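S.K.: I would like to see how this sequence folds:
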Amino acid sequence: MTPVEARRRIRTFHLDQIGRVAIKLKAVPEGNGTILDNTLIVYLSDAAEKHHGSCLEWPSSC
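M.R.: Model prediction:
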């Protein structure tokens, strides 16, 4: 497995876990909606590739 494939698999796993949490939050009523309606989920890159990176390891908005 290449390093790029390993990072892709790890990110996929992380996003799957975040999705599972979001589904659980959506199932809990709160006020006029659900807990998910009042939740902010922030997902950042696992790490930059070096101290002054070229943003190759960051989300595409970099």
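S.K.: burial check on Leu25, number of neighbours?
M.R.: Neighbourhood size, Leu25 [other CB atoms under 10 Å]: 16. In this view, the C-beta of every residue, glycine as well, is placed from N, C-alpha and C.
S.K.: buried residues, the helix or strand containing it. List them.
M.R.: If you go by DSSP states H and E, Leu25 is part of helix 3-26. With burial defined by 16 or more other CB atoms under 10 Å, the residues of helix 3-26 counted as buried are Leu25.
S.K.: when you give positions from now on, start the count at 454
M.R.: In the new count, where the first residue is 454, that last one comes out as helix 456-479.
S.K.: I'd like the distance from that helix to the chain centre, please.
M.R.: Counting by CA atoms, centre = their mean, to the nearest Å, helix 456-479 is centred 6 Å from the centre of its parent chain.
S.K.: for the residue nearest the centre of the chain, what are its contacts?
M.R.: The centre of the chain sits closest to Tyr496, judged by CA atoms, centre = their mean, with a distance of 3.6 Å. Residues in contact with Tyr496 (CB atoms under 8 Å, 6 or more residues apart in numbering) are His467, Leu468, Ile471.
S.K.: can you check Ala480 too?
M.R.: Neighbours of Ala480 in contact, by CB under 8 Å, 6+ apart: Thr487.
S.K.: got the CA coordinates for stretch 463-471 in PDB?
M.R.: Extracted in PDB, the C-alpha atoms of stretch 463-471 (Å, rounded to 0.1, in the frame of the first residue of the first chain):
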ATOM      1  CA  ILE A 463      -7.500   6.500   7.300                       C
ATOM      2  CA  ARG A 464      -9.400   9.600   6.200                       C
ATOM      3  CA  THR A 465     -12.300   7.300   5.000                       C
ATOM      4  CA  PHE A 466     -12.300   5.600   8.300                       C
ATOM      5  CA  HIS A 467     -12.400   8.900  10.200                       C
ATOM      6  CA  LEU A 468     -15.200  10.300   8.100                       C
ATOM      7  CA  ASP A 469     -17.200   7.000   8.500                       C
ATOM      8  CA  GLN A 470     -16.900   7.400  12.300                       C
ATOM      9  CA  ILE A 471     -18.000  11.100  12.100                       C
END
